[in-house]
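Undergrad: fold the following, please.
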Amino acid sequence: MAYRNKRNIGELPPALIEVRSVTRSISEAEIDTEGTDPAWETGSAWNQSQFGEPEFIAEPDGQLTIATTDDEKEPPDPDDFPNREDFETAWSQWETQNPPAQYPELRGLNLGEITRDLSCQPRVKMDVAHIKRLAEAIEEGIELEPLVVFGEENFLADGFHRSFAYDRAGVEDVMVRWYPGTLRDAQLYSLGANAEHQILLPRSNADKRNAVVRMLQDSEWAGWSDGAIAKQCRVSQPFVSKLRKEAEPTQNVMSSGERKYSRNGKTQVMQIRQRKVFAPDVSQENKPEDSPPWNPDDWETPDNVAEAMSRLILPSDRRILEPSAGTGQIAKFLPCDRDLVCVEQNTSRFSQGKDRSPGRWVNSRFPHGAGFSKEIKSGFDLVIGNPPFSEIIDFLVGSLQFLNLENPDARILFLLPLDWNCSIARGTTWQTIDARIHNVYPWRGRIAYLKNGEPEFGRQVCDAVFDIRPGKDGGCFNFLNS
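TA: Numbering: from 1, shown residues only. Down below sits the predicted model:
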């Protein structure tokens with residue numbers, strides 16, 4: 001047997017025990033058959049004829065050896081060498097020819113093979129101006145750092161701005177640093193990835209906070225120690241402790257059990273008692289959707305409003321994305337001669353919408369569905385829809401990243417409450433997003449949204465279609481108080 005840890009054992013001492021062999025016949029009664037498999041009977045054992053004759057190779061001394069196809073990868077056997085020096089020479093040669101796998105592995109990939117799942121993008125916002133600068137650098141022949149991807153799905157973990165810049169510059173083949181792993185491995189890596197970008201696009205405090213909060217909201221990662229989270233997110237431990245303490249009472253859950261941490265390269269387990277953590281974000285993707293309960297995010301757009309929204313479409317809107325398509329209430333009014341993509345995460349509504357509306361339908365969650373961005377490439381002239389109210393910010397940020405930056409009229413048309421961004425929390429977040437409200441189309445009166453296909457009256461809030469575009473310059477909406 002090959003061995004790696006070798007030491008000089010010197011001369012072996014003479015045998016201390018004399019071994020004698022005794023040969024005698026054994027009666028059938030002396031054979032213990034208790035516990036043997038009754039199926040293992042004569043005739044049911046391995047039969048060589050079932051597998052064909054093995055191929056043999058004749059050794060120099062005439063010994064026949066069963067041939068194998070991967071001899072070159074097999075480590076040398078000490079029994080095959082007359083002395084230790086020859087074996088060690090052969091071992092060194094084998095190690096040189098068969099080096100262990102090294103990660104990351106530098107690979108060339110087509111952008112279409114890379115999955116841009118936005119759950120791996122920890123920045124609060126994408127910087128459109130930075131994407132433009134990177135695209136100009138690419139066009140000038142400047143080589144950018146390779147992207148970082150994980151697993152066979154090539155989940156993008158670092159390099160979202162660069163990937164969109166490649167799209168803008170028309171580059172299809174890029175270099176990546178590939179790691180084995182899953183979407184979750186890519187998500188974890190991404191939380192600290194942007195810490196390296198101190199010169200080109202340093203992380204804002206909001207970016208750092210967002211990375212830490214994502215870990216604190218995760219049911220598994222929230223159990224990490226503050227120091228471990230800080231190391232992963234490339235922030236200070238007091239910063240993590242502060243955010244953990246800021247959990248509001250309505251969001252806090254009490255956690256007890258075990259906490260794992262590393263010390264001296266070994267995993268240790270600590271017993272903990274009642275510790276406040278952020279409530280985990282429960283994904284709707286893992287819930288059964290055969291008969292999903294109705295919730296306030298499920299309001300659908302009535303025909304008269306959807307038809308009015310369709311009149312806002314321009315001739316230049318060749319590619320259109322509907323990220324919250326529902327049962328197709330808006331999609332069914334969109335032009336059939338356009339490249340239309342409709343996204344709906346609920347399986348039941350997806351099936352209804354696909355049957356009644358044009359375009360290509362994708363059953364996934366926008367914008368965080370696994371594999372979504374691999375199937376849907378960026379470059380849309382228009383994103384239109386009635387997004388779920390509780391996820392307005394996520395839908396806005398995600399939609400901005402899929403717009404066609406080459407089209408000066410590329411925009412988002414979302415049906416929203418008139419005061420959707422007037423709360424302190426949403427207003428503060430809106431100011432950090434690199435986008436502007438270009439126009440507002442209010443709806444006179446109150447909209448009777450559909451609940452399970454039937455109109456519901458008595459809504460107390462007025463609504464409007466907001467025309468939202470990339471960049472802050474030229475917006476028509478500014479807060480009176482900062």
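
Undergrad: which residue packs closest to Glu153, ignoring adjacent ones?
TA: Thr115 (4.9 Å; CB to CB, 6 or more residues apart in numbering). In short, each C-beta sits where N, CA and C put it, glycine included.

Undergrad: tell me the spacing between the one you found and Thr347.
TA: 21 Å (CB to CB, to the nearest Å).

Undergrad: looking at those two, which is more packed in?
TA: Thr115 (22 against 13; other CB atoms under 10 Å).

Undergrad: that one pairs with what?
TA: Phe155 (DSSP bridges).

Undergrad: I figured it hits Glu152, correct?
TA: No - using CB atoms under 8 Å, Thr115 makes no contact with Glu152, being 10.0 Å away.

Undergrad: just the C-alpha atoms of the longest helix seen in the chain, please, in CSV.
TA: Criterion DSSP state H: the longest helix present in the chain is helix 84-97. Only the C-alpha atoms of helix 84-97 are listed here, as CSV (Å, rounded to 0.1, in the frame of the first residue of the first chain):
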residue,chain,number,x,y,z
ARG,A,84,13.1,2.8,-0.4
GLU,A,85,15.2,5.2,-2.6
ASP,A,86,13.6,4.0,-5.8
PHE,A,87,10.1,4.1,-4.3
GLU,A,88,10.6,7.7,-3.0
THR,A,89,11.8,8.8,-6.5
ALA,A,90,8.7,7.2,-8.1
TRP,A,91,6.5,8.8,-5.4
SER,A,92,7.9,12.3,-6.1
GLN,A,93,7.3,11.8,-9.8
TRP,A,94,3.7,10.7,-9.2
GLU,A,95,3.0,13.7,-7.0
THR,A,96,4.4,16.0,-9.7
GLN,A,97,2.2,14.4,-12.4
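
Undergrad: so where's the stretch 101-250 of the chain shaky on pLDDT?
TA: Low-confidence regions of the stretch 101-250 of the chain, defined by pLDDT under 70, span residues 101-102, 195-200, 247-250.

Undergrad: helices of that one, residue ranges please.
TA: With DSSP state H, counting those that start in this stretch as the criterion, the stretch 101-250 of the chain has helices at 128-139, 160-169, 183-193, 205-216, 226-233, 237-245.

Undergrad: in stretch 98-115, what's buried?
TA: For stretch 98-115, the neighbour count (16 or more other CB atoms under 10 Å) marks 109, 111, 113-115 as buried.

Undergrad: of the residues you listed, closest to Ala90?
TA: Within the buried residues of stretch 98-115, proximity to Ala90 (CB to CB) peaks at Leu109, which comes in at 37.8 Å.

Undergrad: could you find the closest non-adjacent residue to that closest one?
TA: Using CB to CB, 6+ apart, the closest residue to Leu109 is Val176 (5.2 Å).

Undergrad: ok, the one you found - how many residues close by?
TA: If we define neighbours as other CB under 10 Å, then Val176 has 25 of them.

Undergrad: what is it paired to in the beta sheet?
TA: Bridge pairing for Val176 - DSSP bridges - gives Arg107, Leu147.

Undergrad: for Val128, give its distance to Gly108.
TA: According to CB to CB, Val128 stands 27 Å off from Gly108.

Undergrad: what number of residues lie near Pro388?
TA: 19.

Undergrad: who touches the closest residue to it other than its chain neighbours in this structure?
TA: With sequence-adjacent residues excluded and distances taken as CB to CB, 6+ apart, Pro388 is closest to Asp297, at 3.4 Å. By CB atoms under 8 Å, 6 or more residues apart in numbering, the residues touching Asp297 are 388-391.

Undergrad: ok, of these, which come out buried?
TA: By 16+ other CB under 10 Å, the contacts of Asp297 give 388, 391 as buried.
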